[in-house]
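Undergrad: just the structure for this:
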Amino acid sequence: MNIRSLGYAWIESTDPAKWLDYGTNVLGLMVAPNMPDDGNVYLKMDARPFRFAVQKGAQDRLSILGWELYDKADFEAAKAELKKAGVAFEEGSKADCQLRCVRELVRLKDPSDNTLELYWGADLDYAKFISPLGIAGFETGFNGDMGFGHAVLPAPKLKETHAFYRNLLGLGDVDYMHFHFNPDPNDPGMGLHFMHCQNPRHHSLALFEAPNPTGCVHLMVEVLDVDEVGYCLDRVNEKQIPIVSTLGRHTNDRMLSFYMATPSGFAMEFGTGGLKMDWENYTPTVSTLPSIWGHKFQH
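TA: Next up, the predicted model:
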């Protein structure tokens, strides 16, 4: 499959108003001006009509990630590949597609029970992004073709889930890490696969070998200037939002970032300076250290 980018996230929240405040006054995203007034919170960061949609629900969790295919032909080919592989999916309704501002979509689950949508034909509304906090912009590529950032998903069935995204969905391997959380020599540890789409972003998806009740380990958004990371860190501290991981720089993608709690329980990485890759000349790596400095996880 020809997946181009990570297009959108649908989030379930017991109190969407918290996401409205968090998204605008902490992350610096804009309330999407061209989305319906239907009780959901829609947050915009670039030329796309929205990137994050927050619906009221019974729990706090990530509910859906949307992955963008190249065109109609690739969409039809993807459906054929899913059928051949025996993977069940449902066609998105006309209302589903209108709400997501896409032409067509299908919805399915990966082997670790994460819900995803594959779509083609995303709208551009070209409404100027005006951050309520004065952020100049987010790194999403030309007309958003690098996606909104990346997602790290829980993948208790790591082997099967990795194969699903690599062999069926066509994402490429970037890096692998293996973590041991205690000194017991019999501790099997947990794996973490980093994977890329057909764009230069170092990774759009990572799969972590552990369950998570929120359906997400973290999402990431990337700003254009290092000072914006510092300003955001100040806002987080002023609002007493829990810091999940301190400021640091990662080894594999060189992202300078920190992690904070979101209103839905999973973390948000806020960073800058992530690598842009040439995939034709890349060999996947195995990293033994997650960060060059910093990124001390808080317990």
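Undergrad: now do the contacts for the residue of the chain positioned farthest from its centre.
TA: Centroid-distance maximum for the chain: residue 185 at 33.6 Å, with Cα atoms, centre = their mean. Residues in contact with residue 185 (Cβ atoms under 8 Å, 6 or more residues apart in numbering): none are found. All C-beta atoms are positioned from the backbone trio N, CA, C, and that covers glycine.
Undergrad: and it, what pLDDT?
TA: Residue 185 carries a pLDDT value of 77.
Undergrad: same check, this time on residue 179
TA: 83.
Undergrad: for it, phi and psi?
TA: Main-chain torsions, residue 179, degrees, to the nearest 10: phi -110, psi 140.
Undergrad: ok, what's across the strand from it?
TA: Under the criterion DSSP bridges, residue 179 forms beta bridges with residue 190.
Undergrad: now do residue 258
TA: Here residue 258, judged by DSSP bridges, has bridge partners residue 270.
Undergrad: so how far is residue 172 from the closest residue to residue 275 other than its chain neighbours?
TA: Leaving aside its chain neighbours, residue 275 sits nearest to residue 202 (4.5 Å; criterion: Cβ to Cβ, 6 or more residues apart in numbering). In this view, residue 202 and residue 172 are 11 Å apart by Cβ to Cβ, to the nearest Å.
Undergrad: hmm, back to that, what secondary structure does the residue farthest from the centre of the chain sit in?
TA: Under DSSP: H, G, I helix; E, B strand; the rest coil, residue 185 falls in the coil class.
Undergrad: and the helices in the chain?
TA: Ranges of helices in the chain, per DSSP state H, are 16-25, 72-84, 94-100, 158-163, 226-238.
Undergrad: can you list those in JSON lines and add mean pLDDT and distance to residue 297?
TA: Shown next, in JSON lines, are the helices of the chain (pLDDT from 0 to 100; distance: least, Cβ to Cβ, whole Å):
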{"stretch": "helix 16-25", "mean pLDDT": "98", "distance to residue 297": "21"}
{"stretch": "helix 72-84", "mean pLDDT": "98", "distance to residue 297": "37"}
{"stretch": "helix 94-100", "mean pLDDT": "97", "distance to residue 297": "34"}
{"stretch": "helix 158-163", "mean pLDDT": "98", "distance to residue 297": "20"}
{"stretch": "helix 226-238", "mean pLDDT": "98", "distance to residue 297": "15"}
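Undergrad: mean neighbour count, the ones you listed: which tops it?
TA: Of all the helices of the chain, helix 16-25 has the most neighbours on average by mean count of other Cβ atoms under 10 Å, namely a mean of 19.
Undergrad: by how many degrees do that helix and helix 226-238 diverge?
TA: Here the directions of helix 16-25 and helix 226-238 differ by 140 degrees (axes from the mean of the first three to the mean of the last three Cα atoms, to 10 degrees).
Undergrad: by contact count, what packs against helix 16-25?
TA: strand 30-31, strand 41-44, strand 52-56 (3 or more Cβ pairs under 8 Å, 6 or more residues apart in numbering; DSSP states H and E).
Undergrad: which non-adjacent residue is nearest residue 263?
TA: Closest residue in space to residue 263, ignoring its immediate chain neighbours: residue 18 at 3.9 Å, by Cβ to Cβ, 6+ apart.
Undergrad: my read: residue 179 touches residue 192, true?
TA: Yes. At 6.8 Å, residue 179 and residue 192 qualify as touching, with contact defined as Cβ atoms under 8 Å.
Undergrad: let me see the contact set for residue 51.
TA: 7-9, 29, 43-45, 140, 148.
Undergrad: of those residues, which is the nearest to residue 57?
TA: Taking Cβ to Cβ as the measure, residue 57 lies nearest residue 9 of those, at 14.0 Å.
Undergrad: beta-bridge partners for the closest one, please?
TA: residue 52, residue 65.
Undergrad: and it, how far from residue 76?
TA: Taking Cβ to Cβ, one finds residue 9 at 25 Å from residue 76.
Undergrad: would you mind listing the residues touching both of residue 202 and residue 172?
TA: With Cβ under 8 Å, 6+ apart as the test, residue 202 and residue 172 both reach residue 196.
Undergrad: tell me the centre residue of the chain?
TA: Closest-to-mean residue, the chain, Cα atoms, centre = their mean: residue 151 / 2.9 Å.
Undergrad: so that one sits against residue 220, correct?
TA: Yes. When contacts are counted by Cβ under 8 Å, residue 151 is listed as touching residue 220 (7.5 Å).
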